[in-house]
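[1] Here is a sequence together with a model predicted from it:
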Amino acid sequence: MSGMLRLVASNLGRKKLRTSFTLASVIIAFILFALLGGLSRAFTVGVELAGADRLVTTNKVSFIQPMPYSYLGRVQALDGVRAVGHYTWFGGYFQDPKRQFALFPTALESIGDIYPEYQIPPEQYQSLLNNRTGLLVGKALAELYGWQLGDRVPLLSTIYPSADGSYGWAFDIEAIFTGTGTEADELQAFMHYDYFNESRPFGRDTIGWLVTRIADPDQAESIAAAIDVRFANSPTETKTSTEAGFAAGFAAQFGNIGLIVQLVLACVFFTLLLISGNTMAQAVRERTGELAVLKTIGFSNARVIGMVLSESLLVAIIGGVTGLLLGSLFVQGAATAMAQFFPGLAMSAGTLGWGIVFAVLLGLVTGAWPAWRAGRLTVVDALRRT
Amino acid sequence: MQQILAITWQNLKSIPARAGTSLVAVVGVAGVVVVLVAVLSMARGFEATMASGTSADNVVVLRSGSSSELDSGFSGDQSRLITQSPYLDLASAEVYVIVDLPKLSTGTDANVPMRGVGADASEIRTQFRIIEGRMFEPGRREIIAGAGATGQFAGLQLGHTLQFGTEQWELVGIFESGGAADSELWADASVLQGAYRRGNSHSVIYARLGNIDDFQAFSDELTTNPQLSVRVERESDYFAEQSKALTTFISVVGYGIAVLMALGALFGALNTMYTAVSERAREIATLRAIGFQPLAIVVSVMTEAMLLASTGGVIGAGLAWLLFNGFTVSTLSFTSFTQVVFAFVVTPDLMLQGIVIAMLIGLIGGLAPALRAARAPMVAGLRA
């Protein structure tokens, strides 16, 4: 066995230049594959983070249209509903209006009932509830802007003036929460709805949308329907979907762009595989004569096939794994740089797994044809050809 | 010189004998060019759509601190103050909202912009014209739809009634105006205010300056007025700004992919050319032995590499043009939160960019193998 490995290694080492070029193009193909995975995940991260037991209710006309505050209690009264929370788009930003982040007025007293995955230290949570201008900030967001507990931060709204008529709002950072570990949900902040509602000059006692947590995820559809029926034929009709459905619908709005980027990357990936696969296959083809010699001196068909296959597998797997590792470094770097615009850019275990599957496939496919030929080779034919 | 020509010709004639590897190099280069041109034409198309239909003497007035029309807003008094400025020839105070309509391609709901406009709106948009049906009548619950929107979203046929909430609107016309407005639905501003409970407030003001040089004076008039807190922009600047986030994103992704892929194709080309050279080692050595200069050999190998690469480049650019030019899509604009319908634009300069990159790949991919072929010891080559 070790003898065969040595043969494989020396075959690969024979044309070092070619082997390294092939390796390099395989590595690049897999770097691109990693980027593709990261990018497509970014478009669907909302779906991944969605809770199966949460429903989102928006105004039927459009999610920018508000609904009456009273809807909260009416949904609460429906069967199968565990808790209901309400949120409003604030258009909040810190210093740079082009970098808005998710800042929502909500009922902070019950936020844990809706998002049990958010971890808030109890003593911080207590002081948050005691402070009307307190702000609950995700860890990633706090790090992004360098906010510490107890800081007083001036934020601005692109939509709502505060009580003094300006668009500036002052908040105290009272609590910092950690989410599920991806940055996407930690790039949010929540404020007291009461502070918001009493300060704003218009739109009082309206809310943006409801998030309902239900007791049994299997009943999601019937409860969603029940909510919409409750408000049917009223001046403000609603549209309710599961949180995953809502996130998927939002991702679909980018529609073609996400799809096109992914298609392009997929084309690129396969073009590069074609290039490197061809060279790998060629490297074996050139050696037909040698393979015949090996057979003459007693190598079995199976061993010759095995040798050829392991050669291409070796290149594919070394290249694939290196490419995936480099790619995930790239994705990490890009994720940090673009967290604000593009949260959720990250390498998932799925991408990594598929990458390795593709690497093995590449090795098998490029090796298969030459290996098959090598196995069928009759010694006399092959020797005559050289 | 004659040497160079002879050997290059000889060389090119032998390409068919190496069809397999040569084809792979061509395909690789073509792939790079298709991708580069396609992605850049998407950015170019989006930018062009946002920029078209704007006019140099048009201005947009938004509330200061707002990021787009969607979160901008003026009270009725404020918009009257602005529209009555003596610097303006035409002015339209507009209401900008979003309605949900299903996308034809996926059936999922999309944020379609709906604009309530004043009487001057269609005159301010210089390229505005009704291409089917008629203009809505002021005061009535009627809509006209942009030509881009009708191709992308469901239910936008002439004569159809659209239901938004409890409100019903009749679609009476289809218009074209170039630019982002083609993705919009238009109705009378005061009717839309009523339907969306906006009181007499407006989102944004579009206006035509009486004199193009009055921009600064107009802007100063508004920004120094204590009753107002506004941001005044030229229409073209406003739309350029609005498209920047998305075009930058697409371009960065596009160039990033293209550079990586070009590297991959370069390795493919290097392999092809090294193989070509090493297969012909004996032939090259023989040529050298009978007196051909190393330069002639370098030129012949380089010519082959450049020919393969530029073939790939031309095929790639052509394919990109065939597949993508005019390809119409819609996406969510990062800034306005609404759908923008736009078409890819494959311009000659983008195609040229692609071909230049192809040539670069050929140049680099051919040079090293060419030099090696020319430098290889003659004796070793003959013995091979």
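    Happy to help now that I have it. Just so it is clear, the model here is predicted, and its values are computed rather than measured.

[2] only C-alpha atoms for contact and neighbour calcs from this point on.
    OK.

[3] Show me the helices in chain B, by range?
    Using DSSP state H, the helices of chain B run over residues B:2-13, B:19-51, B:76-83, B:121-124, B:147-152, B:189-195, B:215-223, B:235-279, B:281-289, B:294-324, B:348-375, B:378-383.

[4] so which of these is the most packed in?
    Among those, ranked by average contacts under mean count of other CA atoms under 10 Å in any protein chain shown, first place goes to helix B:19-51 (a mean of 26).

[5] What is that one packed up against?
    Packing partners of helix B:19-51 (3 or more CA pairs under 8 Å, 6 or more residues apart in numbering or on different chains; DSSP states H and E): helix A:256-285, helix B:235-279, helix B:294-324, strand B:339-343, helix B:348-375.

[6] Alpha carbons of the shortest one, in CSV - could you do that?
    When you say that, I think you mean strand B:339-343. Extracted C-alpha coordinates of strand B:339-343, given in CSV (Å, rounded to 0.1, in the frame of the first residue of the first chain):
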residue,chain,number,x,y,z
GLN,B,339,-39.1,47.3,-6.5
VAL,B,340,-37.1,48.7,-9.4
VAL,B,341,-37.6,47.2,-12.8
PHE,B,342,-34.6,47.4,-15.0
ALA,B,343,-32.9,45.7,-18.0
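
[7] between it and helix B:19-51, how many degrees?
    Orientation check (axes from the mean of the first three to the mean of the last three CA atoms, to 10 degrees): strand B:339-343 against helix B:19-51 gives 130 degrees.

[8] Buried ones in strand B:339-343, by neighbour count?
    For strand B:339-343, burial by neighbour count (16 or more other CA atoms under 10 Å in any protein chain shown) applies to B:339-343.

[9] Can you classify the residue nearest to the spatial centre of chain A by secondary structure?
    With distances taken as CA atoms, centre = their mean, the residue of chain A nearest its centroid is A:R41 (3.0 Å). Three-state assignment for A:R41 (DSSP: H, G, I helix; E, B strand; the rest coil): helix.

[10] you'd agree it is up against A:A346?
    Yes. With contacts defined as CA atoms under 8 Å, A:R41 counts as touching A:A346 at a distance of 7.0 Å.

[11] got any residues that touch both of those two?
    Listed as contacting both A:R41 and A:A346 by CA atoms under 8 Å, 6 or more residues apart in numbering or on different chains is no residue at all.

[12] Break the chain into its domains for me.
    Because you didn't say which chain, this covers chain A. A:2-47+A:255-385, A:49-254 (automatic domain parsing).

[13] was after chain B, sorry
    B:2-51+B:242-383, B:65-228.

[14] on that earlier part again, do you know which of the helices of chain B lies nearest A:T271?
    For A:T271, the closest of the helices of chain B is helix B:19-51, at 6.1 Å, according to CA to CA.

[15] what's the angle between that closest one and helix B:294-324?
    50 degrees.

[16] gap between helix B:19-51 and the chain center?
    13 Å (CA atoms, centre = their mean, to the nearest Å).

[17] which one is B:F337 nearest to, not counting chain neighbours?
    Closest residue to B:F337 apart from its sequence neighbours, by CA to CA, 6 or more residues apart in numbering or on different chains: B:N111 at 7.3 Å.

[18] and that neighbour, how many neighbours?
    24 (other CA atoms under 10 Å in any protein chain shown).

[19] pretty sure it is touching B:V341, no?
    No. Checked against CA under 8 Å, the pair B:N111 and B:V341 is beyond contact range at 11.6 Å.

[20] what's the burial count for A:F202?
    11.

[21] State the distance from it to B:V277.
    Distance from A:F202 to B:V277, counting by CA to CA, to the nearest Å: 77 Å.

[22] one step back: kindly reformat the domains of chain A as a markdown table containing mean pLDDT and distance to chain B.
    Below are the domains of chain A laid out as a markdown table (pLDDT from 0 to 100; distance: least, CA to the nearest CA, whole Å):
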| stretch | mean pLDDT | distance to chain B |
| --- | --- | --- |
| domain A:2-47+A:255-385 | 78 | 5 |
| domain A:49-254 | 89 | 5 |
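
[23] Of all the ones you listed, which one is nearest B:G381?
    domain A:2-47+A:255-385 (16.3 Å).

[24] Point me to the helix or strand that includes A:F250.
    helix A:243-254 (DSSP states H and E).

[25] Please name every helix or strand in contact with that helix.
    So helix A:243-254, by 3+ CA pairs under 8 Å, 6+ apart, packs with helix A:16-49, strand A:54-59, strand B:109-117, strand B:328-332.

[26] Looking at the shortest one now, give me its mean pLDDT.
    Averaged over strand B:328-332, pLDDT sits at 81.

[27] That one pairs with which strands?
    strand B:339-343 (antiparallel) (DSSP bridges).

[28] what's the angle between the partner strand and strand B:109-117?
    90 degrees.

[29] Name the residues that touch strand B:339-343?
    A:253, B:42, B:45-46, B:49, B:110-113, B:148-149, B:152, B:180, B:182-183, B:325-333.

[30] mind running it again at 10 Å?
    Strand B:339-343 has contacts (CA atoms under 10 Å, 6 or more residues apart in numbering or on different chains) with A:253-254, B:41-50, B:98, B:110-113, B:146-152, B:179-184, B:324-333.

[31] can you check stretch A:214-229 too?
    When contacts are defined by CA under 10 Å, 6+ apart, stretch A:214-229 is touched by residues A:51-60, A:71, A:74-76, A:78-84, A:114, A:212-213, A:232, A:237-242.

[32] Tell me the buried residues in it?
    Using 16+ other CA under 10 Å as the test for burial, stretch A:214-229 gives A:214, A:217, A:220, A:223-224, A:226-228.

[33] In JSON lines, list those along with secondary structure and distance to A:P105.
    Listed next are those as JSON lines, based on DSSP: H, G, I helix; E, B strand; the rest coil; distance: CA to CA, whole Å:
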{"residue": "A:I214", "secondary structure": "strand", "distance to A:P105": "22"}
{"residue": "A:P217", "secondary structure": "helix", "distance to A:P105": "26"}
{"residue": "A:A220", "secondary structure": "helix", "distance to A:P105": "25"}
{"residue": "A:I223", "secondary structure": "helix", "distance to A:P105": "25"}
{"residue": "A:A224", "secondary structure": "helix", "distance to A:P105": "23"}
{"residue": "A:A226", "secondary structure": "helix", "distance to A:P105": "26"}
{"residue": "A:I227", "secondary structure": "helix", "distance to A:P105": "22"}
{"residue": "A:D228", "secondary structure": "helix", "distance to A:P105": "23"}
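
[34] Distance to B:D188 added to these, as JSON lines?
    Shown next, in JSON lines, are those (distance: CA to CA, whole Å):
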{"residue": "A:I214", "distance to B:D188": "42"}
{"residue": "A:P217", "distance to B:D188": "44"}
{"residue": "A:A220", "distance to B:D188": "40"}
{"residue": "A:I223", "distance to B:D188": "38"}
{"residue": "A:A224", "distance to B:D188": "35"}
{"residue": "A:A226", "distance to B:D188": "35"}
{"residue": "A:I227", "distance to B:D188": "33"}
{"residue": "A:D228", "distance to B:D188": "30"}
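
[35] Done for today, thanks.
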